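Trainee: What follows is a predicted structure for the sequence shown.
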Amino acid sequence: MKKLINSPETVVQDELAGLAAAHPDLVRVDFTNQIVVRADAPVVGKVGLVSGGGSGHEPLHGGFVGRGMLDAACPGAVFTSPVPDQMLAATRAVNGGAGVLHIVKNYTGDVLNFEMAAELAQADNIQVASVTIDDDVAVKDSLYTAGRRGVGATVLAEKIAGAAAAAGTPLERVADLCRKVNTNARSMGMALTSCTVPAAGKPTFELGDDEMEIGIGIHGEPGRTRMKLAPAASIAEMLLSPILEDLPFRSGDTVLAFVNGMGGTPLIELYVMYNEFARILKGKGITISRNLVGSYITSLEMAGCSVTLLKLDDELTQLWDAPVHTPALRWRA
Amino acid sequence: MKKLINSPETVVQDELAGLAAAHPDLVRVDFTNQIVVRADAPVVGKVGLVSGGGSGHEPLHGGFVGRGMLDAACPGAVFTSPVPDQMLAATRAVNGGAGVLHIVKNYTGDVLNFEMAAELAQADNIQVASVTIDDDVAVKDSLYTAGRRGVGATVLAEKIAGAAAAAGTPLERVADLCRKVNTNARSMGMALTSCTVPAAGKPTFELGDDEMEIGIGIHGEPGRTRMKLAPAASIAEMLLSPILEDLPFRSGDTVLAFVNGMGGTPLIELYVMYNEFARILKGKGITISRNLVGSYITSLEMAGCSVTLLKLDDELTQLWDAPVHTPALRWRA
Amino acid sequence: MAADRVCILAWLRRSAEVLHEQRDYLTTLDAAIGDADHGINMDRGFTAVMDKLPSVAEADIGTILKTVGTTLVSTVGGASGPLYGTAFLRAGTALAGRQELQPADIVTGLEAALEGIKARGHAQVGEKTMVDALSPAVEALKVAVASGESLEEALYAAGAAAEAGMQATIPLVATKGRASYLGERSADHQDPGATSVTLLLRAALNGK
Amino acid sequence: MAADRVCILAWLRRSAEVLHEQRDYLTTLDAAIGDADHGINMDRGFTAVMDKLPSVAEADIGTILKTVGTTLVSTVGGASGPLYGTAFLRAGTALAGRQELQPADIVTGLEAALEGIKARGHAQVGEKTMVDALSPAVEALKVAVASGESLEEALYAAGAAAEAGMQATIPLVATKGRASYLGERSADHQDPGATSVTLLLRAALNGK
Ligand SMILES: Nc1ncnc2c1ncn2[C@@H]1O[C@H](COP(=O)(O)OP(=O)(O)O)[C@@H](O)[C@H]1O
Ligand SMILES: Nc1ncnc2c1ncn2[C@@H]1O[C@H](COP(=O)(O)OP(=O)(O)O)[C@@H](O)[C@H]1O
Ligand SMILES: [Mg+2]
Ligand SMILES: [Mg+2]
Ligand SMILES: [Mg+2]
Ligand SMILES: [Mg+2]
């Protein structure tokens, strides 16, 4: 295992200490509760946004705390959902009197822990709403299963809900907008290499030198198929097809295309992939009016990428364009 | 070799096509000359900034073309310096009548090709100034050698010179500011893994499973020493010591600290490293007043990091803070 | 033949030991169909429980169990944290104020625990989760106690039923938790949560 | 015995063939002390030269050489592009308008090429670069021509001197170009640029 860390035991704290040291204007870290909180929280009268999940997906979520996005993030151990105590502490820290929204990626652990935290917060007389993100088309959705995983749409939901909250929108409406993002977004990912959980010390899975995994999750969960490495153009096709069918996306739609690196993917490859996605969408009469290219929801040092499409309307576009200033996402500010 | 590409032959064009498709508001790509040009170039009356070098270091340089930074970038084949034709075409495209600055990383190929381009441009009656960046303390400097390599300081020089040019500063003064950045900046890098040049198809060098290379260049050039993997705290010490001694940086100095990923390094590790650098500098009485953490000058999918320190004064700080809007670096815009 | 506070504390200590010993085993099971942390999670949680127990060593059994529940909720994370946490909280609530448990009380406590897990996790028998071990264990305990068997015999029956339920998870296709992402490929693997349930119940016998 | 345009074109064609054949060899040499692209760069450049030559097939030798120079500058990149490009440009300028070259003219052309490389690269003999092969080759050619040897003999002597110079780069520590980053570790490796110079001069004999 080759990592720039001091030890598997301290990696999360060390990373949080680095984040706090680099961005004191934007965030502060409460090391007792292991939470990242917006520097000037709580913002009186504003809906507070809290998200969280296992660590190892940086910049998600801590890198999105700041102005116009999250008010707090709860990082768990690597790939392990945080505990309700963290979420409760975060909820208390960001409650400015207008209620708090929990943005939860759909994994049993995240869902259950946030659920308990919401119950505790409500017992505290804090108004809490929850939205679960489940955009990963690699997993079959069904009423009788744990359902689809939450992946790339989380970043978009946090940005858009964050902009709505910053504009003074009330809790239920912010939650509705967050749900609207989730309803209109679909994602699919792939991996060229495995990742190594620091505490485990060895790769989560093995892939041959000429193999890739299509439909991978952000914790190295197995995907739909393992197959021989293919050119970027074919990979783009394999990732986009199930997304386009699922919603479905149609000719005439306007979308935000988010091409995401898994942590070990260089930018040159993400732009090669963006080019292929743009070509395919153009051929289908779908217009990309906004895009995001970079590594924003990662899986440690895994090489690979994911693509997320979000169907846009004027409302979502305006909220996407609104100013944001966080360690990892910044514009118009 | 595992990469998200179509073929080694097309990777640079494909990447440029992706960049152009994703950021038409900021850049256009001239595929005939293989150059990336600011969308609204030439800006009349503004000094034009041109940089370039081999591809494989993305976002450097194409990702820094836009408002408040570069006016054009000349990408060569992967790790191969571009040819004077590209530089001449770029120089012509961005000449708004106030002259053009060439920002050149100190590699024999880059220097010689930019030199020929400058001669050709001058024959065209375009006023050209050149600044060579050579900040890598891993390489011994000497009047009788090729000298130090240009690495991390390039990003800072492009931002700061770009801000000066945007403010209407004349050519010689923009060049002086660029030199000032170079004079006051030092860098050092390390690698956990090799990179693979697409055309070569196999790793440039071999490193044992428990080894790292200290003092690596951004083309996978060998460093000062190969040694057993060490904790982040020791690596930070090994990278900073030669930097601090070289300039030297002293107690009371105020610096910009740039912690850079080599392409395959996840952000979690960069923040762990930032934390260690910040701790060491604090111990030496050096204040980090600005920082940049991310993968901005890379070496394909190499895992590892570099650190650059730039001694700041009010002038450099103000130029650093000035608005910038490029595909890879954006604030206050 | 009743179980007093000392028995309960001994059981918890033995559970912590067993989970620590079986940490890698549980994690390996979780690696096959989950994310390779179940043993790490449970060991972290019960280590925290051990640290916490001295502060409630003199309290009633309900308080002890609730303390175990809140400690697990606060330290385990993942899916198993809220599930085991809820189980212990519900059992503690059902047995509030008790200094001693009769066999029937143990049935009450374990039933409350099972209901807590099912309510929290929305899982039924047959979904390849801890419910598949705990549910038959509660049934077996109930039957044994009703037919007047000794506490030891009843706990033995419960442990054996849990183990059978755990074995029965092997062919199942998971429809809850992380393993459900695997669809058909989750078959042929033993569920880690059903395994930790079995270990905990078996520890009750050794701890007596 | 003079060299006319046909000889020059044949030499260039033979050079392109040899560089293509030796592409991997040159690249392997560059991998050891550089960035593993010298063969790729030279092959790309001379392939472009071959594409370009038909357009100047009827021109004078100076024009042909200058066209080679500009083509190399425009297609090779790296350190070798400007260096070889300058060499051919300077030789072409020195031999402007010539339809035929006497042995003394070849000395003039090669001296101009050497001066061009030295001016562009600021390298002296002994720095482990192409200068180490070209400089002794020019000397040998000059001596042979002065002593009235045939063009073939003179070119043979030049090639042999280049090869000796190339061999002599092996123990040297590089102080110019990418290899200089290696410091002492650049010793014990043959310089790729000195090798390509030798291949080009040797091609002049085969091409005749
Ligand atoms: N909805 C659920 N209901 C009951 N048990 C569940 C449910 N989801 C998961 N489990 C149990 O949790 C176990 C996994 O626990 P653990 O690995 O600690 O959490 P995570 O899956 O979050 O990593 C599974 O083996 C299963 O027995
Ligand atoms: N300053 C210089 N003067 C003369 N020759 C040089 C100089 N720098 C490099 N060279 C030659 O160039 C060769 C390397 O060429 P090449 O690999 O094509 O370029 P790059 O080093 O940019 O990859 C070296 O082997 C050396 O002979
Ligand atoms: Mg987990
Ligand atoms: Mg090169
Ligand atoms: Mg697990
Ligand atoms: Mg080379």
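Mentor: Alright, I've got the coordinates. Numbers count the residues shown, from 1 in each chain, chains lettered A, B, ... in the order given. Ligands and ions are numbered 1, 2, ... in the order given.

Trainee: Reduced to three states, what does the residue of the stretch 151-300 of chain A found nearest ligand 5 come out as?
Mentor: For the stretch 151-300 of chain A, the residue closest to ligand 5 is A:H219, as judged by C-beta to the ion, at 9.1 Å. Using the backbone N, CA and C atoms, a C-beta is placed for each residue, glycine as well. Three-state assignment for A:H219 (DSSP: H, G, I helix; E, B strand; the rest coil): coil.

Trainee: Show me the shaky parts of the stretch 51-200 of chain A.
Mentor: A:142-143 (pLDDT under 70).

Trainee: at 90 what do you get?
Mentor: Within the stretch 51-200 of chain A, the segments meeting pLDDT under 90 span A:139-147, A:199-200.

Trainee: quick one: the strands in it?
Mentor: A:72-78, A:100-105, A:128-133, A:185-191 (DSSP state E, counting those that start in this stretch).

Trainee: Need those in a markdown table (columns: distance to B:E206).
Mentor: Formatted as a markdown table, the strands of the stretch 51-200 of chain A follow (distance: least, C-beta to C-beta, whole Å):
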| stretch | distance to B:E206 |
| --- | --- |
| strand A:72-78 | 29 |
| strand A:100-105 | 39 |
| strand A:128-133 | 42 |
| strand A:185-191 | 24 |
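
Trainee: one step back: how many neighbours does the residue of the stretch 151-300 of chain A closest to ligand 5 have?
Mentor: 26 (other C-beta atoms under 10 Å in any protein chain shown).

Trainee: which residues touch it?
Mentor: A:G54, A:G56, A:F79, A:T204, A:S299, C:D35 (C-beta atoms under 8 Å, 6 or more residues apart in numbering or on different chains).

Trainee: if you set the cut-off to 6 Å instead, what comes out?
Mentor: A:F79, C:D35 (C-beta atoms under 6 Å, 6 or more residues apart in numbering or on different chains).

Trainee: do the same with C:V18
Mentor: By C-beta under 6 Å, 6+ apart, C:V18 lies in contact with C:L199, C:A203.

Trainee: which element is it on?
Mentor: helix C:5-21 (DSSP states H and E).

Trainee: quick one: is the following helix or strand past that helix near ligand 1?
Mentor: Sequence-wise, the next helix or strand downstream of helix C:5-21 (DSSP H and E) is helix C:23-33. Yes - looking at helix C:23-33 against ligand 1 by C-beta under 6 Å from any ligand atom, the contacts come from C:D30.

Trainee: Alpha carbons only: can I get helix C:23-33 in PDB?
Mentor: C-alpha atoms of helix C:23-33 as PDB (Å, rounded to 0.1, in the frame of the first residue of the first chain):
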ATOM      1  CA  ARG C  23     -12.600  -9.600  13.900                       C
ATOM      2  CA  ASP C  24     -10.700 -10.700  10.800                       C
ATOM      3  CA  TYR C  25     -13.200 -13.600  10.200                       C
ATOM      4  CA  LEU C  26     -16.200 -11.200  10.200                       C
ATOM      5  CA  THR C  27     -14.300  -8.700   8.000                       C
ATOM      6  CA  THR C  28     -13.400 -11.400   5.500                       C
ATOM      7  CA  LEU C  29     -17.000 -12.400   5.300                       C
ATOM      8  CA  ASP C  30     -17.900  -8.800   4.700                       C
ATOM      9  CA  ALA C  31     -15.200  -8.400   2.100                       C
ATOM     10  CA  ALA C  32     -16.900 -11.000  -0.100                       C
ATOM     11  CA  ILE C  33     -20.300  -9.300  -0.300                       C
END
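
Trainee: quick one: average confidence on it?
Mentor: For helix C:23-33, mean pLDDT rounds to 94.

Trainee: buried stuff in that helix?
Mentor: Going by neighbour count (16 or more other C-beta atoms under 10 Å in any protein chain shown), the buried part of helix C:23-33 is C:R23, C:Y25, C:L26, C:T27, C:L29, C:D30, C:A31, C:I33.

Trainee: what do you get for stretch A:279-298?
Mentor: Buried, per 16+ other C-beta under 10 Å, within stretch A:279-298: A:280-281, A:286, A:288, A:290-298.

Trainee: Report the two of those separated the most.
Mentor: Greatest spatial distance among the buried residues of stretch A:279-298 (C-beta to C-beta): A:I286 and A:T298, at 26.4 Å.

Trainee: And the strands in chain C, which stretches?
Mentor: For chain C, applying DSSP state E gives strands covering C:3-4, C:100-101.

Trainee: meant to ask about the stretch 201-333 of chain A
Mentor: Counting by DSSP E, counting those that start in this stretch, the strands of the stretch 201-333 of chain A are A:211-214, A:225-228, A:254-261, A:287-294, A:304-311, A:324-325, A:330-331.

Trainee: so what's A:L16 closest to, chain neighbours aside?
Mentor: Distances taken as C-beta to C-beta, 6 or more residues apart in numbering or on different chains put A:V29 closest to A:L16, at 4.8 Å, once the chain neighbours are dropped.

Trainee: can you check C:G62 too?
Mentor: C:G62 sits nearest to C:A96 (C-beta to C-beta, 6+ apart), 3.7 Å away.

Trainee: and if you look at A:F79?
Mentor: Using C-beta to C-beta, 6+ apart, the closest residue to A:F79 is A:G54 (4.3 Å).

Trainee: List the residues that contact the one you found.
Mentor: A:G76, A:F79, A:T80, A:S81.

Trainee: What is the nearest of these to chain D?
Mentor: A:F79 (37.8 Å; C-beta to the nearest C-beta).

Trainee: Can you name the residue of chain A nearest to ligand 1?
Mentor: At 3.1 Å from ligand 1, A:G109 is the closest residue in chain A, using C-beta to the nearest ligand atom.

Trainee: Equivalent analysis for chain C, please.
Mentor: C:G193 (1.9 Å).

Trainee: got a list of what that residue touches?
Mentor: Contacts of C:G193 by C-beta under 6 Å, 6+ apart are C:T129, C:M130.

Trainee: Tell me the confidence at it?
Mentor: Confidence score, pLDDT, at C:G193: 98.

Trainee: One more: the one 4 residues further on?
Mentor: C:V197 is assigned a predicted lDDT (pLDDT) of 98.

Trainee: my guess is A:L300 meets A:G261, correct?
Mentor: No - with contact defined as C-beta atoms under 6 Å, A:L300 does not reach A:G261; the gap is 12.0 Å.

Trainee: shared neighbours, those two?
Mentor: When contacts are counted by C-beta under 6 Å, 6+ apart, the set common to A:L300 and A:G261 is empty.

Trainee: Nearest residue to whichever residue of the stretch 201-333 of chain A sits closest to ligand 2 in space, please, no chain neighbours.
Mentor: Closest approach of the stretch 201-333 of chain A to ligand 2 (C-beta to the nearest ligand atom) occurs at A:I268, with a separation of 19.1 Å. Excluding the flanking residues, the one nearest A:I268 by C-beta to C-beta, 6+ apart is B:E58, at 4.4 Å.

Trainee: I'd like to know how far that neighbour sits from ligand 4.
Mentor: Using C-beta to the ion, to the nearest Å, B:E58 is found at 17 Å from ligand 4.

Trainee: ok, how many other residues are close to that residue?
Mentor: Neighbour tally, B:E58, other C-beta under 10 Å: 25.

Trainee: Tell me the spacing between it and B:A73.
Mentor: 10 Å (C-beta to C-beta, to the nearest Å).

Trainee: go on, C:E58?
Mentor: On the measure of C-beta to C-beta, C:E58 and B:A73 end up 73 Å apart.

Trainee: ditto for A:P59
Mentor: For A:P59 relative to B:A73 (C-beta to C-beta), the value is 26 Å.

Trainee: Looking at these two, which one has more neighbours?
Mentor: B:A73 (33 against 26).

Trainee: residues in contact with that one?
Mentor: When contacts are counted by C-beta under 6 Å, 6+ apart, B:A73 touches B:V36, B:S51, B:G52, B:H61, B:G62, B:V65.
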